[in-house]
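> quick one: sequence and predicted model below, then my questions.
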Amino acid sequence: MEALIPVINKLQDVFNTVGSDSVQLPQIIVVGTQSSGKSSVLENLVGRDFLPRGSGIVTRRPLILQLVHIDPDDRSGADDVPADAEAWGKFLHTKNKIYTDFDEIREEIERETDRLSGNNKGISSDHISLKIYSPHVLNLTLVDLPGLTKVPVGDQPPDIEVQISELVLQYISNPNSIILAVTAANTDMATSEAIKLAREADPDGRRTLAVFTKLDLMDAGTDAVDILCGRVIPVKLGIIGVINRSQMDINQRKNIKDAIKDESAFLQRKYPALASRNGTPYLAKTLNRLLMHHIRDCLPQLKTRVNVMASQFQSLLQSFGDPVEDHNDRSQMLLQIITKFAAEYCATIEGTSKNIETSELCGGARICYIFHETFGRTLDSIDALGGLTQLDILTAIRNATGPRPALFVPEVSFELLVKRQIRRLEEPSQRCVELVHEEMQRIVQHCGTQELLRFPKLHDRIVEVVTSLLRRRLSPTNIMVENIVGIELAYINTKHPDFADAGLVSMLVQNHEMDQRRKKAGDDTPDHVRPSRNSSLADSRPSSPFRSQPNPQPGSEAAGGKDGGWMTKMMSGGGRSGSQESIASMATAPASVENSPGPRQPTGVNLLDIVPAPAPSRKLSSREHRDCDIIQRLIKSYFLIVRKNIQDSVPKAVMHFLVNHVKDNLQSELVGNLYKQECIDDLLSESEQIAARRKEAAEMLKALQKASHIISEIRETHLW
């Protein structure tokens with residue numbers, strides 16, 4: 001199992017080369033308050049003075065320290081090391097430079113710390129990697145962190161306490177780490193910040209080991225027996241007491257070997273029963289044992305994590321594609337990208353795309369929503385008589401009769417007024433075209449494949465070509481929609497099978513005549529208020545009585561000139577009579593013609609503002625009431641027919657002139673504008689960002705594959 005720690009060191013080296021912390025490796029994290037003796041503990045473990053010393057905060061960057069045990073008789077792999085060097089160190093940032101003088105190692109740590117953290121006692125989260133080879137160390141991987149502090153000193157930032165706490169938590173939150181909580185013996189252990197942070201990251205205490213330093217500095221008459229036995233604050237992995245060199249010993253360059261001998265003598269004299277389970281040598285063996293067992297427990301999960309990440313980066317690297325240098329290969333790639341984009345664009349419209357959007361409607365689904373929800377409900381919300389007052393109707397009737405008073409309602413006034421209402425359908429129809437055009441433009445963003453991200457110039461040109469094609473098709477589509485409305489305005493077909501004209505007019509005239517006869521007989525109740533078999537077809541508003549008009553003879557001037565219009569014939573009893581067939585046709589008309597007082601309220605997006613109709617400015621006579629009623633009912637009936645036609649024809653026109661035309665001609669348009677020999681190299685020039693990401697992914701994949709190979713070399717026998 002001794003071979004496990006070097007394996008982790010190799011993995012650490014592999015991932016340090018790519019600067020990735022995505023794989024959490026087992027390691028020992030040293031945590032403690034400022035001046036609690038963390039650095040002295042590490043130096044005792046190494047047996048050399050190599051860490052910066054001084055007052056205040058000295059460790060200002062995480063130091064990843066890898067201790068590698070070497071056989072003094074076996075110097076294989078150390079050809080560049082001087083023959084007389086017993087121990088040496090290597091930094092990751094200085095590559096293969098070997099340091100045999102540990103004072104130089106200290107100076108290099110200070111220079112590298114100042115390079116990123118500055119000279120103002122600030123801290124940095126970028127770590128320094130140091131590997132020390134020595135025959136006097138056990139295989140260990142430790143991380144020395146800045147000491148916890150409370151009050152900023154000198155030029156330190158005001159939030160230095162928060163910065164250090166967050167940095168410490170970032171490391172000890174790694175579930176694969178062992179927490180080495182260092183606390184000075186001359187302080188109350190109940191106030192230990194290291195123990196507090198360790199409990200936050202490791203509530204169960206399964207990976208926390210406590211170290212009690214400065215046992216020789218406790219007050220006279222006190223001892224640490226209860227603390228070392230775990231009676232004060234229990235720690236599952238144990239509490240180990242050590243003795244560090246004093247500042248005088250450090251100044252006098254006292255040898256660490258001598259310091260360890262003095263430590264052993266002090267423990268035998270002061271704590272004879274606990275001496276074998278305390279001290280620096282026991283701490284090193286305990287850390288080595290804990291780390292090996294911890295690596296053994298974490299290794300299966302680590303192996304799975306490495307394999308999964310290797311698969312992910314392999315897919316990412318494939319999505320970036322390989323750099324294309326050959327001109328023929330570039331031509332073929334350009335055609336493939338154009339074909340793929342055109343197919344994806346059409347698939348998004350048809351709803352057969354592989355990457356279906358789940359957060360919002362897009363493509364063909366949104367076009368359908370525009371047709372049937374936005375546009376359809378907007379048309380349904382338009383009132384047939386909106387913006388048309390009774391005074392407007394009376395004015396139109398009078399203007400259509402000329403100098404002579406009208407005996408009957410002139411049909412010219414009906415055509416004039418119904419055309420005015422039909423024109424109101426043109427604006428939402430044009431807006432429907434705009435919405436579909438905008439959605440067709442938005443589809444381009446949904447079709448941005450990984451190849452297009454690689455080549456930003458090609459992406460911009462494709463967007464430009466699609467935008468140009470859509471812009472060219474917008475004008476013919478708008479013209480066709482205008483023509484659809486213009487066709488309805490060109491000819492008012494009063495013989496339309498759904499237009500219930502005769503039933504309307506004849507019924508109104510009959511109701512007024514019957515009301516007048518009953519009033520003469522002394523009955524004030526209008527006939528259309530009484531229940532009857534046709535009461536559901538009568539107007540719900542009471543009609544004022546008017547004088548009955550004699551039926552004009554066909555051909556007479558009173559009949560309306562030459563042979564009389566369709567409205568004149570119906571009011572005079574000629575032409576289409578108020579038969580049961582006509583009445584039945586009215587009964588089948590949409591309910592909004594007779595029963596709805598206003599427009600149906602839309603539940604979707606409305607493309608028009610609803611304008612309230614103004615009230616009449618004066619009281620109308622019985623004759624005027626009758627004429628207005630007739631015109632209003634006829635306008636409603638015919639307006640519904642036209643609205644139904646436009647609601648059906650506009651989506652068809654948009655699909656034919658815009659959507660289907662773009663689908664059918666997109667690929668040929670892209671090829672014609674982009675596939676030019678002189679433009680291929682420029683269009684397929686890769687962005688610097690994609691090239692950098694491909695390089696990073698390739699390096700990370702190589703590191704993961706190497707890590708997987710290192711882990712796979714571990715045999716089952718190495719774990720026990």
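Ah, there it is.

> next, the spatially most central residue of the chain: secondary structure please.
The residue lying closest to the centre of the chain (C-alpha atoms, centre = their mean) is Ser359, at 9.3 Å. Secondary structure assignment for Ser359 (DSSP: H, G, I helix; E, B strand; the rest coil): coil.

> which other residues reach stretch 342-353?
The contact list for stretch 342-353 (C-beta atoms under 8 Å, 6 or more residues apart in numbering) reads 354, 362-365, 367, 443-444, 446-447, 449, 466, 659, 663, 666-667, 670. For glycine as for every other residue, the C-beta is placed from the backbone atoms N, C-alpha and C.

> quick one: Thr33 from Met189, how far?
According to C-beta to C-beta, to the nearest Å, Thr33 and Met189 sit 12 Å apart.

> so what sits against both of the two?
With C-beta under 8 Å, 6+ apart as the test, Thr33 and Met189 both reach Thr183.

> pLDDT below threshold where in the stretch 501-650 of the chain?
501-517, 519-618, 620-621 (pLDDT under 70).

> count the residues that sit near Arg431.
Using other C-beta atoms under 10 Å, Arg431 has 16 neighbouring residues.

> ok, now Tyr99?
Tyr99, neighbours per other C-beta under 10 Å, totals 21.

> phi first, then psi, for it.
The phi/psi pair for Tyr99 (degrees, to the nearest 10) reads phi -110, psi 110.

> now the contacts of stretch 342-353: which count as buried?
Burial by neighbour count, judged by 16 or more other C-beta atoms under 10 Å, picks out 362-365, 367, 443-444, 447, 466, 659, 663, 666-667, 670 from the contacts of stretch 342-353.

> pick out whichever of the residues you listed sits closest to Asn288.
Proximity to Asn288 was ranked across the buried ones among the contacts of stretch 342-353 by C-beta to C-beta; first place goes to Cys447, at 57.7 Å.

> excluding its backbone neighbours, what's nearest that closest one?
Nearest residue to Cys447 in three dimensions, chain neighbours excluded: Glu344, at 4.4 Å (C-beta to C-beta, 6 or more residues apart in numbering).

> may I have the phi/psi pair for the one you found?
phi -70, psi -40.

> please, which helix or strand holds Ala265?
helix 256-270 (DSSP states H and E).

> helices and strands around that helix, which ones?
helix 38-46, helix 280-320 (3 or more C-beta pairs under 8 Å, 6 or more residues apart in numbering; DSSP states H and E).

> outside of the first one, which residues touch it?
The reference is to helix 38-46. By C-beta under 8 Å, 6+ apart, helix 38-46 touches 30-32, 49-53, 58-59, 65, 67, 132, 134, 137, 140, 142, 144-145, 147, 180, 182, 211, 213, 242, 244-245, 256, 259-260, 280, 283-284, 287.

> may I see the buried residues of that helix?
Buried residues in helix 38-46 (16+ other C-beta under 10 Å): 38-46.

> relative to helix 256-270, how tilted is that helix?
100 degrees (axes from the mean of the first three to the mean of the last three C-alpha atoms, to 10 degrees).

> tell me what the helix or strand following helix 38-46 is packed against?
Note on helix 38-46: by DSSP H and E, the next helix or strand toward the C-terminus is strand 63-69. Contact here means 3+ C-beta pairs under 8 Å, 6+ apart; on that basis strand 63-69 packs against helix 4-18, helix 38-46, strand 128-134, strand 140-144.

> wait, which of those is closest to Arg518?
helix 4-18 (100.5 Å).

> can you report how many residues lie near Ile260?
Ile260, neighbours per other C-beta under 10 Å, totals 18.

> show me the contacts for it.
Counted by C-beta under 8 Å, 6+ apart, Ile260 has contacts 44, 279-281.

> ok so, going back, how far does the helix holding Ala265 sit from its chain's centre?
How far helix 256-270 lies from its chain's middle: 62 Å, per C-alpha atoms, centre = their mean, to the nearest Å.

> now swap in stretch 136-146 and tell me
For stretch 136-146, the distance to the chain centre is 42 Å (C-alpha atoms, centre = their mean).

> what's the span of it from first residue to last?
26 Å (C-alpha to C-alpha, to the nearest Å).

> for Ile178, helix, strand, or coil?
Ile178 - assigned by three-state DSSP - is strand.

> and what of the one 5 residues further on?
Counting by three-state DSSP, the backbone at Thr183 sits in strand.

> correct me if wrong: it contacts Lys196.
No - look at Thr183 against Lys196 with C-beta atoms under 8 Å: they stay out of range, at 10.4 Å.

> more neighbours, the two?
Shown here are Thr183 and Lys196; by other C-beta under 10 Å, Thr183 has more neighbours (26 against 13).

> quick one: the more buried one and Phe102, what's the gap?
27 Å.

> cool, Val659 as well?
76 Å.

> tally of neighbours for Val30?
29.

> contacts only, for it.
Per C-beta under 8 Å, 6+ apart, neighbours of Val30: 38, 41-42, 142-145, 180, 182.

> let's go with 6 Å and repeat that
38, 142, 144, 180 (C-beta atoms under 6 Å, 6 or more residues apart in numbering).

> sorry, back to before: quick check: the residue nearest to the centre of the chain vs His446, distance?
11 Å.

> Pro272 too?
78 Å.

> cool, Gln318 as well?
22 Å.

> related to what we said a few turns ago, out of the contacts of Ile260, who's nearest Thr374?
Looking across these and measuring by C-beta to C-beta, the closest to Thr374 is Asn44, at 76.9 Å.

> neighbours of Asp71, just the number please.
That count, for Asp71 with other C-beta under 10 Å as the rule, works out to 8.

> wait, a strand at it?
No - with three-state DSSP as the criterion, Asp71 is coil rather than part of a strand.

> give me phi/psi at the nearest residue to it once chain neighbours are set aside?
Leaving out its chain neighbours, the residue that sits closest to Asp71 by C-beta to C-beta, 6+ apart is Pro135, at 6.8 Å. Main-chain torsions, Pro135, degrees, to the nearest 10: phi -80, psi -10.

> wait, doesn't Pro135 sit right on Pro72?
Yes - between Pro135 and Pro72 there is a contact at 4.6 Å, judged by C-beta atoms under 6 Å.

> settle it for me: which of the two has more neighbours?
Taking neighbours as other C-beta under 10 Å, Pro135 and Pro72 compare with Pro135 leading, 13 against 10.

> distance of the more buried one from Leu287?
From Pro135 to Leu287 the distance is 18 Å (C-beta to C-beta).

> do Ile635 as well
95 Å.

> more neighbours: which of those two?
Leu287 (24 against 21).

> list the contacts for the more buried one?
Taking C-beta under 6 Å, 6+ apart as the test, what Leu287 contacts is 28, 140.

> got a pLDDT number for it?
Predicted confidence (pLDDT) at Leu287: the value is 87.

> strands of the protein, start to end?
Remark: strands assigned in the chain by DSSP state E are 27-32, 63-69, 88-91, 98-99, 128-134, 140-144, 177-184, 208-213, 239-241.
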